[in-house]
Each structure stands twice: as structure tokens, then as C-alpha cells.
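>>> quick one, what's the 3D model for this:
(one chain, ligands or ions: 2)
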Amino acid sequence: MKTKKLLTAIHSLRGSIDIPGDKSISHRSIMFGALAEGETTVTNFLPGADCLSTISCFKQLGIHIEREGKQVRIQGKGFNGLTEPKEVLDVGNSGTTIRLMTGILAGQDFSAVLTGDESIAKRPMTRVVNPLRQMGARIDGRKGAEYTPIFIRGGKLEGIRYELPVASAQVKSAIILAGLQADGETTIIEPEETRDHTERMIQAFGGKIVKDGHTIKVGGNQVFKGTTIHVPGDISSAAFFLVAAAITKDSEVVLKNVGLNPTRTGILDVLKAMGADITIEKKTSGGEPAGDITVRSSRLKGTTISGDLIPRLIDEIPVIALLASQAEGMTTIKDAAELKVKETNRIDTVANELSILGADITPTADGLIINGGKSLNGGSVTSHGDHRIGMMLAVAALITDGDVELADPDAIDVSYPEFFEHLTHLMK
Ligand SMILES: O=C(O)C1=C[C@@H](OP(=O)(O)O)[C@@H](O)[C@H](O)C1
Ligand SMILES: C=C(OP(=O)(O)O)C(=O)O
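Numbers count the residues shown, from 1 in each chain. Ligands and ions are numbered 1, 2, ... in the order given. As a prediction, this is how the structure comes out:
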């Protein structure tokens, strides 16, 4: 197993970085670009491994896609233009790809098989498969289609009314993508609001979707027109530098072009509640709000994170746990059992790895309890193949008293291939 000696005991972080494109929006730009008629151009696309998996799946479905760095051109063929793949579609490590693709493929007139890596093989699929079956989809897989490989025999779908049992943007989006191809109307009720990039993108491609509180309605048999999408920076990637600057001494970091969609900004609310020194300059940019964030070394205090805040920061919880370890007093994170079904069981991996570095952190059934104010020590840790655990540990290493060795650092390429380059650029 490859290991990396992390940069430790740094003096301060100063300067600015352009945050790479949002992963959720990059995936959707390829999917909607393929399903629209005509050309779509995407700028500031995230060339992380997950989004490259989405591109390769659509190439196998007969879509012409050209990528030069962060710019992508897609020759869309409409909802009826995809063709049967000759081989199994491999989503790699990407939960977003497999869940959303299942919704798309359910309504096609051919069959396809979806699979992924070892981590994907453990991630639940019936949350998507069950509502799609109610729409008429024919889907099989291991253990009643809970796990990969997933076999989809596409066909005619009908709109349904569905109350989501879990707050999940991936499940919501899969049902919307099926609903766009179904006869009649599809109504989805969310228990809590989740990221709304799918809804915004439908509007950007000239489609229709209506949202009223937690209820979303979408009509079937829609036609989309190719367009231009500019992807804002990913707040889930910015999160690592927000925390890094807040917990290191004499730091001041400007994070440019960060997506500020209110369904994603829970971490900013938490930083403010904990007393972080942070300023936000909003700018407008197409269908998604964005802006620059400045964060400085901060004196932090513990807080409680729960309820409808959780879906607004779900992927940031590993690095928020690190932040809390450097705050005065206790931080409680609850209502976050969804963390158990991410790339790893993030309740366990966060608690285990941060404990190795000397944090006082206890896993619970639906979250974490962190007793802050403990200084961190060196040690040997692992990403467990989970990009967000790897980056959280690299940020933790900045303040440890002693060397930190990270096993499986390459997992970070899933969402932030430029991470170590950006970190080194900010070191003073
Ligand atoms: O829709 C999306 O792009 C995502 C939704 C979230 O997953 P869930 O829908 O499983 O909560 C999030 O954790 C994931 O990183 C990306
Ligand atoms: C959970 C994540 O992604 P996905 O579900 O797409 O694998 C993530 O990026 O933290």
C-alpha cells in the first residue's frame, strides 16, 4: 500500500486559491448535456476520478464527449439518443454516478449493467431501485438489487408520488431523471431539503420543474436544449482550507469562486456558530450562486450540529470533526446516520483516525461527540480509500506535534486532484 509523509507543524497558511469545480454539478452537466439536444459546453468542470467515470459511462452509451482539462464539449442526442452499451458500465468510486445513472437507464429502451469498485459494492441501491420499481422499472442485482452489479432492463415508466424515507439528493435526482422520461407527473416529497443542483440544471437546459417547500413536481417526456454551463468551485473541497486556515496560527486564506448554493452552505453556518473569523463576498454566476470566502486563524468554541443542517454539510462532517477537536468545549453531531453509507462508514473512520492523532472523539449511532481543545500528535493513519478522510487527515497533520504518515493518499484524486498542490501553495 502506498503511503505519503504529510506536511506537518507548518508556520501558517497565507494566500489565495481558486477552488476546483463542484463535483455534484460537474456530474450533472455531463448527464444533462448528453440528454439534451445539441451541443453543451462546460467550463471549470472537475476532472476528478468520479466525474471522469460519468464521462466514460456516457461515452459507452454512444455520446461524443471531448474534454480539454476543465473544459468539456458534449454532443447531446436527447433522451432517446443513448445506445445500448456493449460492456458493463463502471462507475468507479462514484455513488452519485451509479444512483443517477440508474434513474436515467430505467427509462431507456435497452439493457445495461452498472458496477463499481469495492466501496461501491457496499453502498445501498434499493433506496433508488424501490421507487424506480414503483414507476415500472425492471432492475435486478445482488441481494434484491441492494448491491452491485445492478442490471437494468429499461422500459416505459409512469409518474409516481413518492415520500423519500431518507434525505438524499442522489435518490431525489434518480427519481427526477426517471420522471423526466415517464408518462404523467412525478411528485417527490423530501423529509429535509437536500442539494438542488438537479432542479437548477433542468431549468438551465430549458426544462420545467416546480418546487413548493419540500415538494417537487416534474412532468414527463420533456425535451432539453444544449447550453453553456459554468461550474462554480466546490464548497465541499473549499471546506478543507476553511478548516485548515481556522485551526492554524497566523493564517489568512482567500478561497475564490466557491459555490454558495444555500443547500450546501451548512459548513459556513457552523464556522460562524463556532466563532470563526470568516468573511464572504457574494458574486452572481449563472444558475448557481458563488463568491469568495476569506478565513483567518480563529478562536473556536464547540457547538451542536443536527436536524435539517445535516444534509447541508453531510460531506463536510469529517473535516468539521477535526475543526471541533480544536474548539473549546464539546461538539455534538447527531442525525447523521447517513455517514455510515458513504465511501466508508465515516462515523467509524473519522473517530478511529482522529483518535490515532490524539483527538478525544467518540462515535455514536448517528454521529460523533468531540471534546475539543486537545493538541494532536503524530502517527500512522489511512484514508481507507475515502477521499474526504484522506484530505481531513492531511489538514490535521498541519498541526500535529510529530510526523504523520497517510496510507492510500491517492484516494484524494476522486474529488480534488490538485489538493496537495494547493496546500503547498498556501504554506508560508
Ligand atoms: O447528489 C449528489 O451529488 C450528492 C449527494 C449526497 O449523497 P446522498 O444523496 O446519498 O446524501 C452527497 O453525499 C454526495 O457526495 C453527492
Ligand atoms: C459521498 C460522496 O460522493 P458519492 O456519493 O458520489 O460517492 C462524497 O463525495 O463525499
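
>>> flag the shaky bits of this structure, pLDDT-wise.
Confidence mapping of the chain against pLDDT under 70 gives the ranges 285-286.

>>> now the helices: where do they sit in it?
23-35, 49-60, 95-106, 126-134, 142-145, 169-179, 197-204, 235-247, 266-273, 317-325, 346-356, 387-397, 419-426 (DSSP state H).

>>> show me what the fourth one is packed up against.
If you count contacts as 3 or more C-beta pairs under 8 Å, 6 or more residues apart in numbering; DSSP states H and E, helix 126-134 packs onto helix 95-106, strand 138-141, helix 142-145, helix 169-179. Just so you know, the C-beta spots here come from the backbone N, C-alpha and C atoms, and that holds for glycine as well.

>>> repeat that for the third one.
Helix 95-106 sits against helix 23-35, helix 49-60, strand 111-115, helix 126-134, strand 147-153, helix 169-179, with contacts defined as 3+ C-beta pairs under 8 Å, 6+ apart.

>>> how about 10 Å then?
helix 23-35, helix 49-60, strand 89-90, strand 111-115, helix 126-134, strand 138-141, strand 147-153, helix 169-179 (3 or more C-beta pairs under 10 Å, 6 or more residues apart in numbering; DSSP states H and E).

>>> quick one, the last one and helix 95-106 angle?
Here helix 169-179 points in a direction 20 degrees away from that of helix 95-106 (axes from the mean of the first three to the mean of the last three C-alpha atoms, to 10 degrees).

>>> got the angle between helix 169-179 and helix 126-134?
Using the same axes, to 10 degrees: helix 169-179 against helix 126-134 is 20 degrees.

>>> next, the angle from helix 169-179 to helix 23-35.
Using the same axes, to 10 degrees: helix 169-179 against helix 23-35 is 10 degrees.

>>> coming back round to it: right, and the helices of the chain - which one's nearest residue 156?
Closest to residue 156 of the helices of the chain, according to C-beta to C-beta: helix 95-106, at 10.1 Å.

>>> returning to that earlier point: columns distance to ligand 2 and mean neighbour count on top of the helices and strands packed on helix 126-134, output as TSV?
Converted to TSV, those look like this (distance: least, C-beta to the nearest ligand atom, whole Å; neighbours: other C-beta atoms under 10 Å):
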stretch	distance to ligand 2	mean neighbour count
helix 95-106	3	26
strand 138-141	17	17
helix 142-145	18	14
helix 169-179	6	27
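
>>> tell me how far residue 198 lies from residue 78.
18 Å (C-beta to C-beta, to the nearest Å).

>>> these two: which is more packed in?
More neighbours surround residue 198 than the other of residue 198 and residue 78, with 28 against 15 (other C-beta atoms under 10 Å).

>>> can you tell me the closest non-neighbouring residue to the more buried one?
Using C-beta to C-beta, 6 or more residues apart in numbering and skipping the chain neighbours, the partner closest in space to residue 198 is residue 173 (4.2 Å).

>>> my read: residue 291 touches residue 278, true?
No - using C-beta atoms under 10 Å as the test, residue 291 is too far from residue 278 to be in contact (11.8 Å).

>>> as a markdown table, the helices and strands packed on helix 95-106 with distance to residue 414 would be great.
Shown next, in a markdown table, are those (distance: least, C-beta to C-beta, whole Å):
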| stretch | distance to residue 414 |
| --- | --- |
| helix 23-35 | 8 |
| helix 49-60 | 5 |
| strand 89-90 | 14 |
| strand 111-115 | 17 |
| helix 126-134 | 20 |
| strand 138-141 | 23 |
| strand 147-153 | 17 |
| helix 169-179 | 16 |
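
>>> returning to that earlier point: what's the closest of the helices of the chain to residue 403?
Once the helices of the chain are compared by C-beta to C-beta, helix 387-397 is nearest, at 8.4 Å.

>>> residue 306 versus residue 36, what's the distance?
Counting by C-beta to C-beta, the gap from residue 36 to residue 306 is 39 Å.

>>> these two: which is more packed in?
residue 36 (25 against 13).

>>> just to check, the more buried one is in contact with residue 42?
No - if you go by C-beta under 10 Å, residue 36 and residue 42 don't touch, sitting 11.8 Å apart.

>>> kindly report the residues of the stretch 201-350 of the chain close to ligand 1.
314-315, 338 (C-beta under 6 Å from any ligand atom).

>>> so which residues of the stretch 201-350 of the chain form strands?
Along the stretch 201-350 of the chain, counting by DSSP state E, counting those that start in this stretch, strands occupy 209-212, 215-219, 228-230, 252-259, 277-283, 290-296, 304-305, 330-333.

>>> which of the helices and strands packed on helix 126-134 sits closest to ligand 1?
helix 169-179 (3.4 Å; C-beta to the nearest ligand atom).

>>> got the angle for the closest one vs strand 215-219?
Using the same axes, to 10 degrees: helix 169-179 against strand 215-219 is 30 degrees.

>>> what's helix 169-179 packed up against?
helix 23-35, helix 95-106, helix 126-134, strand 161-163, strand 185-189, helix 197-204, strand 215-219.

>>> on that earlier part again, any chance of a markdown table for the strands of the stretch 201-350 of the chain, columns distance to ligand 2?
Converted to a markdown table, the strands of the stretch 201-350 of the chain look like this (distance: least, C-beta to the nearest ligand atom, whole Å):
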| stretch | distance to ligand 2 |
| --- | --- |
| strand 209-212 | 22 |
| strand 215-219 | 20 |
| strand 228-230 | 19 |
| strand 252-259 | 14 |
| strand 277-283 | 22 |
| strand 290-296 | 19 |
| strand 304-305 | 17 |
| strand 330-333 | 16 |
